[in-house]
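S.K.: no sequence on this one, just coordinates:
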């Protein structure tokens, strides 16, 4: 890979999908199936996903992407007088174009702590809310939204999740986890201390992200049977449509959860991030936040950025004092060693 | 194909997609592109689509499916005090789970005429509306929604479309065409008298359906520059999400509009329907409505239906007097001659 | 009353309110009370209303008007995947500017029978809905909306209401009654056979209209404790606001239900309508629909209408063959004998 | 007024209304008028309001209360992809039960500066928004919402308003002013430097509050003709209903703007607040925020509060260190000297 080559660390959905998925689509292409997720592939995929998380009494619903999943969950499970508690860095708050509000619900934001909600902050907020004599005139909390990993690449540990569960129970709030990048969290179980089963134990609803974890597209939402799901499929169609060829989602998740492909891609993604992070540290680059997953937030001098952008794709984020910016490098299931190496080499030259 | 084999005429999205599309996905799989439809494939696809309809000053937006396209159009282009005029058989009225109403807008239904809206009915409705002294307390018409072909398989002819255009102009109503099965309408130009260019000439917004016309999924919405499209991409994300790997949509439409693949599949689909219709007529079956496209509505005696359903997939619709039901047979880009033959043979035996 | 005088039969909200109400407002004007309906007048008013209908275990909520009451009920009690069944002449369908749809819910309309829904029609609709194999893609019925009296002045009898209750039970649908003109229905108990208690027995939610029954404004919604009302007051504020000086509503209903003022005004209103109807019949006028309450729908020759409108206020409605129109005459708690007499005299001259 | 007596400083809507208003209602009670604000009183009221602010080319719309006015403005004038910028103390953000979000729009909150938005903060926010490469995925600013006086009783000065106007112009954002307590702002022109005409000059839409300024209820919304108001009356009905006896609103505002009654009540309200504030200062009470209008935020030791609440109505707000709370005392058009005196006397005893 020479300097001429352009390589992107802009996000984890720059490539198509893992070849095994395309292969499966091809093999099954002429089979006739029923529509809208009623086919046997969706059913089999739901089974393997539930097996993986050991939750056979849960239900699985497939979505084309994360924003549709998030907004449908809010539209279906929040009551009209309720909003959802989220960190101010939450994806639903920051980058979904007001999708939650468009379903009629308020997002109740708390300041993030390295991208996370803390149990203590949520508890204090709820306590203050119910202590307010006028709270009948305000929006009631109706759900807690977290992401694993967070939008800053950080992770909830088992202790943190247990603590959130406790607050959720105190205030009878379903705990919803956006797992758009869940593969990377599962692959970082050494950091989180969370087994797959733990997710089901502590969280009421969460989705297993495909789009950012090696699928063409798709998220697999898992909902605890403690939550009344009457009408959910109708709300899904009403709000975002349901994929006519639903089997495309089933086939992908079936493949992702065959022979641990999902976990394997999560591991590769994190490893490439680790190589990149270590290389950056080695050449003296500092980080805005300490991320154990595949989103890195190094701080670069402003004059280096335009040069680097000629050869590498990445996001430039907030400005810092002394002519510096936070940038974001993202690795993926497809990130090549050569790409990482090239980025580090050029940065070393420029710094 | 023996009697044992099961073959489905349930819909036109039973199979995967045309092999050329999968091939293209495979060839480009490891290329890195930018997200959310900002890639060069989407741009190239928009160009070929606009070339085909000869409307380089229009804009093209890609959607994953028809319901998302319909509801986003309503959310974005209807004013808060407006509703959309539709036949009572319109897809948005009948089979989208209240998606339009969930965006806050009323559907103003008129009785269908073989699945179609007539210009006369729309004109009378609008005239009556504005003549009503209390119309300020009612929902104003803000758009006309039609489908080509309709949900009953029928087609608007050029004369009918010109007449609707005239009413639309009189009342300053954008005319929106749901083209979920547009390939079959384009392939029936002999019936409609409509060239591709005519669609652009008489319609303000319409979409070119992929899902039911041989793509894996996807609809390509074409919007006239007479319509203010500020903020449309944001509304799209807000309402239904936008596909992160947007290139999947671009790649598919690029292939569909290469070497007339789209039209060719529309022709095949209609031809298979013609063979089936002629065969049915030959064995004395009558039709509920006369459809020149790929949805057929034969009338069958009730006692035949359970037998037939053991071997063939199809929808059973409304009951008729004398122990009969309307059923629906749908052909597709993938319908095999053997399937048609087998269905006819079995029916002949049963009747 | 000479020909010069102008007198309005346009509606039942042309005047202010019964003098006793203004008097009560005046007497209590400088008393300080708490806001938003938490004052003792609202509490006392709820009690007298519940006493009247003999439903001490129900809850009462006050609204400023009918549209706010209707839309809040839909927003609060319909589930996201549900719509409300209504006659096509229902006020929510025809004259509320799409208020229900603006809360995200579809109105499922059935053809009216003299302004009414029949139990049979509702049952058939529900049966057909659940029999449809694709009903998951449609809007589920979630409530039945009726008006007493209807928008055509007609009344549900006890038998009809009992029959609707039975259907409501079969399909687990709350039965909601818009009682914007309930005083006139209560005053026509000889026609309906319904005692106040019967309303509570057969209907799950209904409101006692004030605006059209002699109050300045206001409707008093009564909700059965069989319906979960968590969050309802918050939804009310969210959707339409709650009156800061809530006592204004309490004071009015307290007065209306003191010494049978409500019923008395209903009786006067109906009596004036009877006089008018009999007078019209006597001079040969025919009616479009046979109304036992205060909205009359006589048929007049077109050439008479402009003359009559110089001296009398009334609505002109739909055209009929042979140069005739249906018009609407409405009496109220304040309608004077002289007004009725003058109208009849002039009409006799003109016809 | 002895210690036994209970007197409320809980809010400015504890009493009925100025006697002149009731008198006017009584005098006109039996007059017949047309409905929904089409009567001559509404028209006359709009004229006097427009005269007062010298804006004959503007339009006036009447609402029953502040929340209905706010949410209708958002529903009607924000585009689907837009939100409204507000201070985090803004009434729409804090105490309207999510009414704005229920219309589908996000509130874009900025930290308040003594209850106010600063032009600088708004400018910085907008600049950052448009500089963000991903802003297409976010909610666009579409309006600026401020209150005069603010929820903390503070006032925008002419300089501050001019500066906000400049930012509004730069980003083409309508500037909307919630004037629920506008009488008190008008009466404090010495503090603000703003004449009635200035409001029209610098603000695109604002309402003249009645509910908290001596009317029974009602707000009078003034909208610049620079804003397209097509369909606004229909949106009003759709979202919150329109008062059938609209004349009640017209009559009240007609009276309020006769012989400067509105301003006079604003002055009395502020004067009573000044007396109270000076008295509090004299006995050593400190304030949480310095308010020149009728909402005072003194800081009281916790042990005093329960005692005081036995005799006086007021809100207890946030806790402060050292066992103290912020409380809120509100004066009104009806506040008596005796009430103020009694409160001060008791506090002096308790402290």
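M.R.: Cool, the structure landed. None of the values given here were measured: they were computed from a predicted structure.

S.K.: quick one: secondary structure of residue A:211?
M.R.: Recorded secondary structure, residue A:211: coil (DSSP: H, G, I helix; E, B strand; the rest coil).

S.K.: pretty sure it contacts residue A:63?
M.R.: No - using Cβ atoms under 8 Å, residue A:211 is not in contact with residue A:63; the gap is 9.6 Å. The C-beta positions use only the backbone N, C-alpha and C, and glycine is treated the same way.

S.K.: Pull out the buried residues from stretch A:9-23.
M.R.: A:9, A:10, A:11, A:12, A:13, A:14, A:15, A:16, A:17, A:18, A:21, A:22 (16 or more other Cβ atoms under 10 Å in any protein chain shown).

S.K.: Columns pLDDT on top of these, output as TSV?
M.R.: Below are the buried residues of stretch A:9-23 laid out as TSV (pLDDT from 0 to 100):
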residue	pLDDT
A:9	98
A:10	97
A:11	96
A:12	97
A:13	97
A:14	97
A:15	97
A:16	98
A:17	98
A:18	98
A:21	98
A:22	98
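
S.K.: Include distance to residue B:268 and secondary structure when you put these into JSON lines, please.
M.R.: Shown next, in JSON lines, are those (distance: Cβ to Cβ, whole Å; DSSP: H, G, I helix; E, B strand; the rest coil):
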{"residue": "A:9", "distance to residue B:268": "44", "secondary structure": "coil"}
{"residue": "A:10", "distance to residue B:268": "40", "secondary structure": "coil"}
{"residue": "A:11", "distance to residue B:268": "39", "secondary structure": "coil"}
{"residue": "A:12", "distance to residue B:268": "39", "secondary structure": "coil"}
{"residue": "A:13", "distance to residue B:268": "34", "secondary structure": "coil"}
{"residue": "A:14", "distance to residue B:268": "35", "secondary structure": "coil"}
{"residue": "A:15", "distance to residue B:268": "33", "secondary structure": "coil"}
{"residue": "A:16", "distance to residue B:268": "28", "secondary structure": "coil"}
{"residue": "A:17", "distance to residue B:268": "29", "secondary structure": "coil"}
{"residue": "A:18", "distance to residue B:268": "32", "secondary structure": "coil"}
{"residue": "A:21", "distance to residue B:268": "28", "secondary structure": "helix"}
{"residue": "A:22", "distance to residue B:268": "25", "secondary structure": "helix"}
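
S.K.: which residues of the stretch 201-350 of chain A fall in helices?
M.R.: With DSSP state H, counting those that start in this stretch as the criterion, the stretch 201-350 of chain A has helices at A:232-240, A:247-256, A:261-282, A:305-311, A:337-350.

S.K.: any idea which of those helices is most buried?
M.R.: helix A:247-256 (a mean of 27; mean count of other Cβ atoms under 10 Å in any protein chain shown).

S.K.: Kindly state which of the helices of the stretch 201-350 of chain A is positioned closest to residue C:171.
M.R.: helix A:232-240 (16.1 Å; Cβ to Cβ).

S.K.: Off-centre distance for that closest one?
M.R.: Computed by Cα atoms, centre = their mean, to the nearest Å, the chain-centroid distance of helix A:232-240 equals 21 Å.

S.K.: which other helices and strands contact that helix?
M.R.: Counting contacts by 3 or more Cβ pairs under 8 Å, 6 or more residues apart in numbering or on different chains; DSSP states H and E, helix A:232-240 packs against strand A:59-63, helix A:66-77, helix B:66-77, helix B:99-102, helix B:232-240.

S.K.: Pipe these into a markdown table and attach distance to residue D:191 and mean pLDDT per row.
M.R.: A markdown table is the format used below for the helices and strands packed on helix A:232-240 (distance: least, Cβ to Cβ, whole Å; pLDDT from 0 to 100):
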| stretch | distance to residue D:191 | mean pLDDT |
| --- | --- | --- |
| strand A:59-63 | 55 | 98 |
| helix A:66-77 | 44 | 98 |
| helix B:66-77 | 44 | 98 |
| helix B:99-102 | 47 | 98 |
| helix B:232-240 | 41 | 98 |
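
S.K.: sorry, back to before: ok, residue A:211 and residue A:63, which is more surrounded?
M.R.: Legend: neighbour count by other Cβ atoms under 10 Å in any protein chain shown for residue A:211 and residue A:63, higher for residue A:63 (27 against 24).

S.K.: Would you mind measuring from residue A:256 to chain C?
M.R.: 26 Å (Cβ to the nearest Cβ, to the nearest Å).

S.K.: Enumerate every residue touching that residue.
M.R.: A:18, A:21, A:210, A:213, A:214, A:215, A:262, A:265 (Cβ atoms under 8 Å, 6 or more residues apart in numbering or on different chains).

S.K.: where exactly do the helices run in the stretch 1-150 of chain A?
M.R.: Ranges of helices in the stretch 1-150 of chain A, per DSSP H, counting those that start in this stretch, are A:19-27, A:40-53, A:66-77, A:91-94, A:99-102, A:119-131.

S.K.: wait, which of those helices is closest to residue B:246?
M.R.: Residue B:246 lies closest to helix A:66-77 among these, at 13.1 Å (Cβ to Cβ).

S.K.: Go ahead and name everything in contact with the closest one.
M.R.: Residues contacting helix A:66-77 (Cβ under 8 Å, 6+ apart): A:63, A:84, A:91-92, A:96-97, A:99-100, A:102-105, A:142-143, A:145, A:174, A:176, A:178, A:180, A:205, A:207, A:209, A:211, A:219, A:221, A:227, A:231-232, A:235-236, A:238-240, B:102, B:237, B:240-242, B:244, C:80.

S.K.: let's see it at 7 Å
M.R.: Here helix A:66-77 makes contact (Cβ atoms under 7 Å, 6 or more residues apart in numbering or on different chains) with A:63, A:84, A:91-92, A:96, A:99-100, A:103, A:105, A:143, A:174, A:176, A:178, A:180, A:205, A:207, A:209, A:211, A:219, A:221, A:227, A:232, A:235-236, A:239-240, B:237, B:240-241, C:80.

S.K.: just stretch A:236-243 next, same as before
M.R.: With Cβ under 7 Å, 6+ apart as the criterion, stretch A:236-243 contacts A:36-37, A:61, A:64, A:68, A:71-72, A:75, A:249, B:64-65, B:67-68, B:96-99, B:102, B:217, B:240-241, C:81, C:137.
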